[in-house]
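Chemist: Predicted coordinates and the sequence they were generated for:
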Amino acid sequence: CKQCRLAFETSKTGDSVSYRATQCDAEGHYLITVPLAGVYRATAIASGTGNLGKTTLQIAVRNDPVQKRDLEFFAGTIRGRVVNKQGEPVQKARIRLWELGGDRSVAPAGSSPGAIFLLEASVGEDGEFKLDPLSRGTYRLEAEAKDHATKSVGPIALGEEEVVNLADLVMEASRTLHMV
């Protein structure tokens, strides 16, 4: 994309976000330096008459000193709703998302074998959530809430520019055993 600028979110402190940006060279290649291995948000921003607009994806960066990557800016979305057995929204539920089969060399805390932890989000008052932008891939998510058993869903296959609308995630109340 010779009319695009590429930016990487390199750090996040409170409400402050730091970015590093670069323009492409004559061959359409970008060079960017990030401080550490990890999961970053990469944003392609079109300029002039380009039709890309602004597209963001998450990318895992390995610990190798120099890497060459083909980035695909196909923004996908996973949507759903967290409810209890009565169909009522489970407010204050947290959604955790993992990419399955990702690059283990950049796995942040919270990752498990064969999966890279990508993000955590809250549901709205209506129990709904929207996870985006996501690159094409296979994902697993978990819903967690106080006084409820954790609900896992996956694998979830996400294609280019696809929106996956999940069926309601029904969370059961957790059981507490009192000993006397």
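Modeler: All right, it came through fine.

Chemist: Can you get me the start-to-end distance on stretch 67-86?
Modeler: From its first residue to its last, stretch 67-86 covers 50 Å (CA to CA, to the nearest Å).

Chemist: Tell me the pLDDT of residue 123.
Modeler: pLDDT for residue 123: 93.

Chemist: Pretty sure it sits against residue 79.
Modeler: No. Residue 123 is beyond contact range of residue 79, at 11.0 Å (criterion: CB atoms under 8 Å). For every residue, glycine as well, the C-beta is placed using N, CA and C.

Chemist: buried residues in the host helix or strand of residue 119?
Modeler: Assessed by DSSP states H and E, residue 119 sits inside strand 115-122. Within strand 115-122, the residues scored as buried using 16 or more other CB atoms under 10 Å are 115, 116, 117, 118.

Chemist: how much space is there between the third one and residue 24?
Modeler: Which is residue 117. 31 Å (CB to CB, to the nearest Å).

Chemist: what is in contact with residue 123 and residue 79 at once?
Modeler: Between them, residue 123 and residue 79 share these contacting residues under CB atoms under 8 Å, 6 or more residues apart in numbering: residue 129.

Chemist: what about those two, which has more around it?
Modeler: residue 123 (23 against 13; other CB atoms under 10 Å).

Chemist: contacting residues for the more buried one?
Modeler: Residue 123 neighbours (CB under 8 Å, 6+ apart): 81, 82, 89, 90, 91, 92, 93, 94, 95, 129, 143.

Chemist: partner residues bridging the closest residue to residue 152 other than its chain neighbours?
Modeler: Of all residues not flanking residue 152 in the chain, residue 142 sits nearest, at 5.0 Å (CB to CB, 6 or more residues apart in numbering). As for beta bridges, residue 142 partners with residue 96, residue 152 under DSSP bridges.

Chemist: Can you give me the pLDDT of residue 142?
Modeler: pLDDT, residue 142: 93.

Chemist: Now that it has come up, it's in contact with residue 150, right?
Modeler: Yes. Judged on CB under 8 Å, residue 142 makes contact with residue 150 at a distance of 5.6 Å.

Chemist: Have a look at the two and say which one is more surrounded.
Modeler: residue 142 (16 against 13).
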